[in-house]
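1. Make a model of this:
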Amino acid sequence: MRPSDPQVLELQSWIQRRLGDFEGKIESVRLARTLDPRNPYWTTSLVSSLMMDHRYDEASKEIESAPIEDFELSVLHSMLQLRDHRDPRRRLADLAALQSEYGMAAVPFELWEAHIAARDFEGAVELLDSIEAADPPADDWTVFSVPDTDVARIITYGFLDARHRLGSLLEQARVKRDAARVPDASRFVPNRHLELAFITAVEGNAEEAERLIRTWMREAAGDLAELTNQRHYACRALGMAAASSAAVECIRSALAEPSFVMPFIEPLMPYYDTIRTQPGFVELVAEIQAR
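-> Below is the predicted model:
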């Protein structure tokens, strides 16, 4: 007997996600939406899950047939439109237009990512400045755990080739992550190795960045939700570290399994500029474009 309560189905979908059963999760959310069709949460959740499973045509059809429009669904639609125009710079303009249309503010983290995709790095710095200067401090960023604002600033300065602007931030960021270390090595500390990999990549230590990503992959294998949700950051850290072979393999494996690595935007991101002309990456991009 199938559950008939949307809240029960939501709990079931969370369990399925943690078990790596994405097909089951999608069907649970789809059923919940039939029971509560006017609630945009279910369509947004369904579309997001389909995108994570790389089922982009299905995701687009769900948006087109949705009985109601809302800000979050429109943000996802904007992302899917990248499949047609392949211009990440438009993402920032789209978010600005949607904020005006709906009278809502995008999540600060999402705005930062849009600045990065548009290669508006100084705009990303200004955004981070405004977030840190907010009173009370903006806490919406915390719904995304990688990177936090410190690591986001380190990444942004890395793109600007502005190590001189980092000051003591690199050291402070390392101290913060060392403080989060758990004495029991058997316990997985989500994201710590990912964040350290970005810091190490900006410092120019590719070998250590690769080691940190390998460590994260081993530990995340025991937490499938973590692996799925954060895998694209592993690929991006490898790209920033100029670890060409590892970055290419990371993208390939992420495209073969549920992840936020989307073929129509990921290779265009500035994280991969250091390896853009490497034969393996050129071959990967050609394969993606031929699909």
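2. From residue 122, how far off is residue 96?
-> 16 Å (Cβ to Cβ, to the nearest Å). Quick note: C-beta positions are derived from backbone N, CA and C, even for glycine.
3. Please disregard the earlier target; I meant residue 161.
-> 13 Å.
4. do the same with residue 146
-> From residue 146 to residue 122 the distance is 23 Å (Cβ to Cβ).
5. Counting neighbours, go ahead and name the busier of these two.
-> residue 146 (22 against 12; other Cβ atoms under 10 Å).
6. OK, contacts around that one?
-> Contact analysis of residue 146 by Cβ atoms under 8 Å, 6 or more residues apart in numbering lists 191, 194, 195, 230, 233.
7. Which residue in the residues you listed has the weakest pLDDT?
-> In terms of pLDDT, the weakest of these is residue 191, which scores 79.
8. Quick check: pLDDT value at residue 225.
-> pLDDT, residue 225: 84.
9. Can we start the residue count at 109 from this point?
-> Let's use 109 as the start, then, which means that last one is residue 333.
10. Specify the local secondary structure of it.
-> helix (DSSP: H, G, I helix; E, B strand; the rest coil).
11. Residue 126 is in contact with that one, correct?
-> Yes. The criterion here is Cβ atoms under 8 Å, and residue 333 meets it with residue 126 at 4.8 Å.
12. Now the common contact residues for these two.
-> Counting by Cβ under 8 Å, 6+ apart, nothing touches both residue 333 and residue 126.
13. give the contact list for residue 233.
-> Contacts of residue 233 by Cβ under 8 Å, 6+ apart are 261, 264, 265, 268.
14. and it, what helix or strand is that in?
-> Using DSSP states H and E, residue 233 sits in helix 229-241.
15. how about the helices in the stretch 209-358 of the chain?
-> For the stretch 209-358 of the chain, applying DSSP state H, counting those that start in this stretch gives helices covering 216-225, 229-241, 257-267, 277-287, 300-311, 314-328, 332-348, 352-364.
16. I'd like those helices laid out as JSON lines, including distance to residue 155.
-> Below are the helices of the stretch 209-358 of the chain laid out as JSON lines (distance: least, Cβ to Cβ, whole Å):
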{"stretch": "helix 216-225", "distance to residue 155": "15"}
{"stretch": "helix 229-241", "distance to residue 155": "26"}
{"stretch": "helix 257-267", "distance to residue 155": "26"}
{"stretch": "helix 277-287", "distance to residue 155": "34"}
{"stretch": "helix 300-311", "distance to residue 155": "26"}
{"stretch": "helix 314-328", "distance to residue 155": "25"}
{"stretch": "helix 332-348", "distance to residue 155": "16"}
{"stretch": "helix 352-364", "distance to residue 155": "19"}
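17. just so I know, which of the ones you listed lies nearest residue 119?
-> Proximity to residue 119 (Cβ to Cβ) singles out helix 332-348 among the helices of the stretch 209-358 of the chain, at 14.0 Å.
18. How about the contacts made by residue 140?
-> Contacts of residue 140 by Cβ under 8 Å, 6+ apart are 114, 117, 118, 121, 150.
19. Is it correct that residue 382 is in contact with residue 347?
-> Yes. Counting by Cβ under 8 Å, residue 382 does reach residue 347; the two are 6.5 Å apart.
20. Which one's more surrounded, the two?
-> The neighbour count for residue 382 versus residue 347, taken as other Cβ under 10 Å, is higher for residue 347 (28 against 19).
21. about what we covered before: in helices, which of the contacts of residue 140 appear?
-> Among the contacts of residue 140, the ones falling in helices (DSSP state H) are 114, 117, 118, 121, 150.
22. closest to residue 316 among those residues?
-> Nearest to residue 316 among these is residue 121, at 37.5 Å by Cβ to Cβ.
23. For burial, what's the neighbour tally of the nearest residue to that closest one once chain neighbours are set aside?
-> Closest residue to residue 121 apart from its sequence neighbours, by Cβ to Cβ, 6 or more residues apart in numbering: residue 136 at 4.1 Å. Neighbourhood size, residue 136 [other Cβ under 10 Å]: 27.
24. thought residue 136 was touching residue 124?
-> Yes. Counting by Cβ under 8 Å, residue 136 touches residue 124, with 6.2 Å between them.
25. Flag the shaky bits of the stretch 159-308 of the chain, pLDDT-wise.
-> Where the stretch 159-308 of the chain drops to pLDDT under 70, the residues are 243-248, 250-253, 287-298.
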